[in-house]
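> the sequence isn't on hand, but the structure is:
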């Protein structure tokens with residue numbers, strides 16, 4: 001975990017150092033930060049969504065293996081939960097597009 005945090009902070013520092021090299025006018029630095037923010041928003045949302053879907057599926061499979069007669073009810077609830085998780089990721093994608101439209 002410590003190695004991951006160090007790597008992420010190093011990459012963030014490198015991006016902030018290299019960004020002025022690509023600047024074309026006075027506002028491009030802010031535009032670059034908006035683009036980075038939009039990219040981070042969708043990547044964090046996708047990571048959280050996949051983790052949530054994985055846990056939900058694992059719990060559903062475990063519940064079905066303990067009580068096979070409850071499989072239809074568990075499957076219905078699982079599909080609804082997965083749809084809710086996926087909708088949150090899609091909302092963050094829409095927000096990222098709105099943010100990137102401000103560039």
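Everything's here; your move. Nothing here was measured: the structure is a model prediction, and the numbers come from that model.
> for residue 90, see how far away the residue minimising distance to the centre of the chain is.
Closest residue to the average C-alpha location of the chain: residue 45 at 2.0 Å, with C-alpha atoms, centre = their mean. Look at residue 45 and residue 90: by C-beta to C-beta, to the nearest Å, they are 9 Å apart. All C-beta spots, glycine's among them, are computed from the backbone N, C-alpha and C.
> so which elements touch the longest helix that the chain contains?
With residue count as the measure and DSSP state H as the assignment, the chain has helix 28-66 as its longest helix. Applying 3 or more C-beta pairs under 8 Å, 6 or more residues apart in numbering; DSSP states H and E, one finds that helix 28-66 contacts helix 71-100.
> what's the angle between the helix it packs on and helix 28-66?
Interaxial angle, helix 71-100 versus helix 28-66 (axes from the mean of the first three to the mean of the last three C-alpha atoms, to 10 degrees): 180 degrees.
> what about helix 71-100, distance to the chain center?
Distance of helix 71-100 from the chain centroid (C-alpha atoms, centre = their mean, to the nearest Å) equals 12 Å.
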